[in-house]
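Asker: Requesting a structural model of the entry that follows:
(chains A and B)
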Protein chains: 2
Amino acid sequence: MQEIIKSLVQKNNTKIVMIVLDGLGGLPLDGRTELETARIPNLDALAKTSATGLHVPVAYGITPGSGPGHLGIFGYDPLEWQIGRGVLEALGLGVELKSTDVAVRCNYATIQEGLIKDRRAGRIPTEKARKLTERLQKEIKQIDEAEIIFTQGVDYRFAVVFRFPEPLEEGSAEVNDTDPQKTGKPPLKPVPANHQSDRVARIAEKLVERVREILRDEEVANFILMRGIAQVPLIPTFEEVFGLKSLAIAIYPMYRGLARLIGMETPPVNGDIKEEIEFMKDNLEDYDFFFVHVKKMDSYGEDGDFKGKAGKFEEFDSFLPGILELNPDVLIITGDHSTPSVMKSHSWHPVPVILNSPYVFGGLSQAFTERECLRGELGIFPAIRILPLALANAGRLKKFGA
Amino acid sequence: MQEIIKSLVQKNNTKIVMIVLDGLGGLPLDGRTELETARIPNLDALAKTSATGLHVPVAYGITPGSGPGHLGIFGYDPLEWQIGRGVLEALGLGVELKSTDVAVRCNYATIQEGLIKDRRAGRIPTEKARKLTERLQKEIKQIDEAEIIFTQGVDYRFAVVFRFPEPLEEGSAEVNDTDPQKTGKPPLKPVPANHQSDRVARIAEKLVERVREILRDEEVANFILMRGIAQVPLIPTFEEVFGLKSLAIAIYPMYRGLARLIGMETPPVNGDIKEEIEFMKDNLEDYDFFFVHVKKMDSYGEDGDFKGKAGKFEEFDSFLPGILELNPDVLIITGDHSTPSVMKSHSWHPVPVILNSPYVFGGLSQAFTERECLRGELGIFPAIRILPLALANAGRLKKFGA
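Answerer: Numbering: from 1, shown residues only, chains lettered A, B, ... in the order given. Coordinates of the predicted model:
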């Protein structure tokens, strides 16, 4: 399907804005959802004159993580393009991954007489761990053909990237975790699952050896464990597939990192919604597509803070007139997945969508809520259809067939 | 997709109840369907507080038989897992098929000078046929490596099972019918369509020879014709795929048989709805998933008995409070296909669904009818998505991707 879309793409001067309210969808508490509770007159008015519906991020019943949630609304099948744990961890730490990278989640650990005594090195604090990570980086810059890049995370966690001189074959990172998942056991050796993953396993093994030597006099953090060894997926870029020069505007590194995986430009932005919109305004002339990521709805949802989540919608609503003033040709407001406060977690529920352009019916939803979007002209549809719809509404897709 | 679901399954102590009202969906007679005519206050109340929608058993326009209808709502793609005629016939006769079986529908027939004179042996009555079938079973217990099992059906019909010592390769039952479909012609020889089906064809041929010898002095039923030679499909079990220990509660053998094909436990149950619910109650502690099959809506529909079908809904409605008292974590009420009384047959129409759990919106359907379910939060969706939805609502699916 993506091949078909690619063959139909034509360029023009339209601007497409996609605003992702992370964890948008909710569930009722005392009969009303977060969206149904929030006072959001601008969003309600926009829903009335827009195409509305609900998108299914992956499939009915499947709760997506942030990776699959975003890939879907960017027009990539999340079942086809799976992003490994190590890659997501590195993106979250702000590592600028390249297509030649393999990324690994690591823990500091305590080893004694060859057995794991503590899988988290007594949960050593970030600042202490950072010093160790800096020492490792100073001593280890290269193993065989791979550049080695360390990035400290929170507490005992950090990420390591093996940067190869050229992209690796598919399957090259199929190497097991070295974490035995239990104390009192020896760490596992990194073993290649196939011929392609020999190189990565060999470098992982040498890395463990070097680290052990360097940390041998540490009392607690004298070893490391590796998990989620993963290759950066060789995804065709957003510009290749959809012909859109695109700018990702996100405060959190992970979302910029996801956007960078498909070749969006991802300058760092500080602040919150207001600063993100200003940033878009300042860069409006230079791009075709703007992905604006608003994080906090999801965070409140995960915390079970129903009122906080509703309040964040109200805050966003107050900035909506400023976005409308920019007069994008196509404006999409949706989420990457639902995060109902009553569940304190991501969920499988379909996610509300507003698509505003001159080429919609409108008049079907009376407000921007889950239940009102159900009445809309887009129905319940797969997330990966949003991007083609956006292109069509922007006049960027030619007719298919004669 | 089933592989993805399998990888996300996690176990807990929830109970999922799926009630299948066979042939649930209908069509209007004088403007109202069977469901719209029936007085079903308990179902209506449940629909108001549940997720509702309509499932498409196979695809728009495809009228499913009972096999595909049930496989779909059990989460198996009915286009991928096709159940042969012989297997369905044997299941309907209560044969406890094993994974090593090949099943065949048979007719008694009359042959004269090598030509078929009567394809149904003068439609000999069941009791007369049963005696012949018993004689055949007494004389034929084994052919080559296969145990041979006869089971009498109605009138001139019966089933034969070839039970092999081990599961056969795929394609092993690709052998033609021996029924020439016309009188005055010789019976066809069972011919293997490929190398794998040599064994089954050879045993079928030997069986015909043995039967001909045994029945040669019969005046009417002196021969047999075979149709629908089919292998028991090697479907991964419900527990393997969905992690659910499951109990099938059904009065009719065919539905227990279908459930047994995917490894559900299928003790015989006598009675009707009341006895089925009591049976569930008595076994509630021992299983995770309960499939309760209610047959009679379909039978009335097939008979064109509009009032009878509506009445059966009213009867079921009166037992619904007893089901709700069992307090399942997820309760699904749906059908395997539609059987509109005005059509006197199965049909392709989407089938109403109620899904009740704490994680739904509700408030969208005012009654349990085809048209009210159309307003619901599940929309019109593929039958195979019901099971993943049930698992998600029961907290039995982990997040997909990070």
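Asker: Tell me the first helix or strand C-terminal of the helix or strand hosting residue A:6.
Answerer: Secondary structure from DSSP states H and E places residue A:6 in helix A:2-8. Next helix or strand after helix A:2-8 toward the C-terminus (DSSP H and E): strand A:16-21.
Asker: Which neighbouring elements make contact with that next one?
Answerer: Helices and strands in packing contact with strand A:16-21 are listed as helix A:66-73, strand A:289-294, helix A:306-325, strand A:330-334, helix A:386-393; criterion 3 or more C-beta pairs under 8 Å, 6 or more residues apart in numbering or on different chains; DSSP states H and E. For every residue, glycine as well, the C-beta is placed using N, CA and C.
Asker: which stretch among those comes nearest chain B?
Answerer: With C-beta to the nearest C-beta as the measure, helix A:66-73 is the member of the helices and strands packed on strand A:16-21 nearest chain B (4.1 Å).
Asker: Same list (the helices and strands packed on strand A:16-21) but as JSON lines, adding distance to residue A:374 and mean neighbour count.
Answerer: As requested, those are exported to JSON lines (distance: least, C-beta to C-beta, whole Å; neighbours: other C-beta atoms under 10 Å in any protein chain shown):
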{"stretch": "helix A:66-73", "distance to residue A:374": "19", "mean neighbour count": "27"}
{"stretch": "strand A:289-294", "distance to residue A:374": "23", "mean neighbour count": "26"}
{"stretch": "helix A:306-325", "distance to residue A:374": "18", "mean neighbour count": "18"}
{"stretch": "strand A:330-334", "distance to residue A:374": "14", "mean neighbour count": "24"}
{"stretch": "helix A:386-393", "distance to residue A:374": "17", "mean neighbour count": "22"}
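Asker: Include distance to residue B:117 and mean pLDDT when you put those into CSV, please.
Answerer: Below are the helices and strands packed on strand A:16-21 laid out as CSV (distance: least, C-beta to C-beta, whole Å; pLDDT from 0 to 100):
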stretch, distance to residue B:117, mean pLDDT
helix A:66-73, 64, 96
strand A:289-294, 76, 98
helix A:306-325, 78, 98
strand A:330-334, 70, 98
helix A:386-393, 63, 98
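Asker: chain center to stretch A:113-124: distance?
Answerer: Offset of stretch A:113-124 from its chain centre (C-alpha atoms, centre = their mean, to the nearest Å): 31 Å.
Asker: Of all the residues in it, which ones are buried?
Answerer: For stretch A:113-124, the buried set under the neighbour-count rule, 16 or more other C-beta atoms under 10 Å in any protein chain shown, comprises A:116, A:117, A:118, A:119, A:120, A:121, A:122, A:124.
Asker: Which residues are in contact with whichever residue of chain A sits closest to chain B?
Answerer: Closest approach of chain A to chain B (C-beta to the nearest C-beta) occurs at residue A:61, with a separation of 3.0 Å. Shown in contact with residue A:61 (C-beta atoms under 8 Å, 6 or more residues apart in numbering or on different chains): A:348, B:5, B:385, B:387, B:388, B:389, B:390, B:391, B:392, B:397.
Asker: burial of the last one, as a residue count?
Answerer: Residues within reach of residue B:397, counting by other C-beta atoms under 10 Å in any protein chain shown, total 24.
Asker: Next secondary structure after the helix or strand where residue A:43 lies?
Answerer: Counting by DSSP H and E, the element that carries residue A:43 is helix A:41-48. As assigned by DSSP H and E, the chain's next helix or strand after helix A:41-48 is strand A:51-56.
Asker: pLDDT on that next one, on average?
Answerer: Predicted confidence along strand A:51-56 averages 98 (mean pLDDT).
Asker: can you list the residues that contact that strand?
Answerer: For strand A:51-56, the external contacting residues (C-beta under 8 Å, 6+ apart) are A:25, A:72-73, A:334, A:350-357, A:360-362, A:364-365, A:368, A:370, A:372-383, A:385-386.
Asker: and that strand, which strands flank it?
Answerer: Sheet partners assigned to strand A:51-56 using DSSP bridges are listed as strand A:351-356 (antiparallel), strand A:379-382 (parallel).
Asker: from the contacts of residue A:61, which single one is nearest residue A:36?
Answerer: When the contacts of residue A:61 are ranked by distance to residue A:36 (C-beta to C-beta), residue A:348 comes first, at 19.5 Å.
Asker: unless I'm mixing things up, that closest one is touching residue A:69, no?
Answerer: No. Under the criterion of C-beta atoms under 8 Å, residue A:348 lies out of contact with residue A:69, with a separation of 11.1 Å.
Asker: shared neighbours of those two, which are they?
Answerer: In the contact map built from C-beta under 8 Å, 6+ apart, the residues linked to both residue A:348 and residue A:69 are residue A:57.
Asker: neighbours of residue A:217, just the number please.
Answerer: Applying other C-beta under 10 Å, we find 6 residues neighbouring residue A:217.
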